[in-house]
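K.L.:
based on what follows, work out the 3D shape:
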Amino acid sequence: MIISEFLSLLSANADKPLLLVLPDGGCIPAHYHITEVGHVMKNFIDCGGTRRRLETCLLQTWVHDDVDHRLLAGKLATIFDRAGDVLPHHELPVEIEYEDGVVAQFPVERAEVIDGALAFHLGLKHADCLARGICLPGECAPKPAAAAISCCAPGSKCC
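P.N.:
Okay, the predicted model is just below:
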């Protein structure tokens, strides 16, 4: 989901509390805070030598011991307004950063209203070889899902 879609949902549901639903169906504890709205830009070269750029809007969550805290959609929209020129445009994908043992980032995939709350469903990010045709043509061709193994796995001849 991109920022413009995300903001539209926040505005349309301003009085609703927010739920962040993890890929396993669990939720980030309801008393989370959004501590950062950031523009993250990653410039890199893939294993085939192609220069690439990845940009996202990253919302950092933080869970503290103030269990009565609840974030409403309208309040998060206000936090976005304060971000101003930190976000270069509203076509960036939105990701949620959450720490539960390790810090992980989850793309926002979809939203729905559940029991009076606006629930954002989070997906998973996966590593992949972006230069399959260059690494080892033939060996790096996509495989059926049941046998999918990255050609750039540690110890492979690919990277």
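K.L.:
mind listing what's buried in the helix or strand of the chain with the lowest mean pLDDT?
P.N.:
Across the helices and strands of the chain, mean confidence by mean pLDDT, DSSP states H and E is lowest for helix 132-135: a mean of 79. Residues 132, 135 are the ones in helix 132-135 that count as buried (16 or more other CB atoms under 10 Å). C-betas here are computed from N, CA, C, even on glycine.
K.L.:
burial of Gly101, as a residue count?
P.N.:
By the measure other CB atoms under 10 Å, the count of residues near Gly101 is 5.
K.L.:
likewise His121?
P.N.:
19.
K.L.:
low-scoring stretches of the chain, by residue?
P.N.:
Residues of the chain meeting the criterion pLDDT under 70: 136-159.
K.L.:
if we go to 90?
P.N.:
47-48, 69, 84, 128-159 (pLDDT under 90).
K.L.:
can you give me the strands in it?
P.N.:
18-21, 32-45, 51-63, 94-99, 103-114, 117-122 (DSSP state E).
K.L.:
out of those strands, which gets nearest to Met1?
P.N.:
strand 103-114 (4.4 Å; CB to CB).
K.L.:
buried stuff in that closest one?
P.N.:
104-108, 111.
K.L.:
still on that earlier bit, as TSV, the strands of the chain with distance to Pro88 would be great.
P.N.:
Below are those laid out as TSV (distance: least, CB to CB, whole Å):
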stretch	distance to Pro88
strand 18-21	24
strand 32-45	6
strand 51-63	8
strand 94-99	14
strand 103-114	18
strand 117-122	22
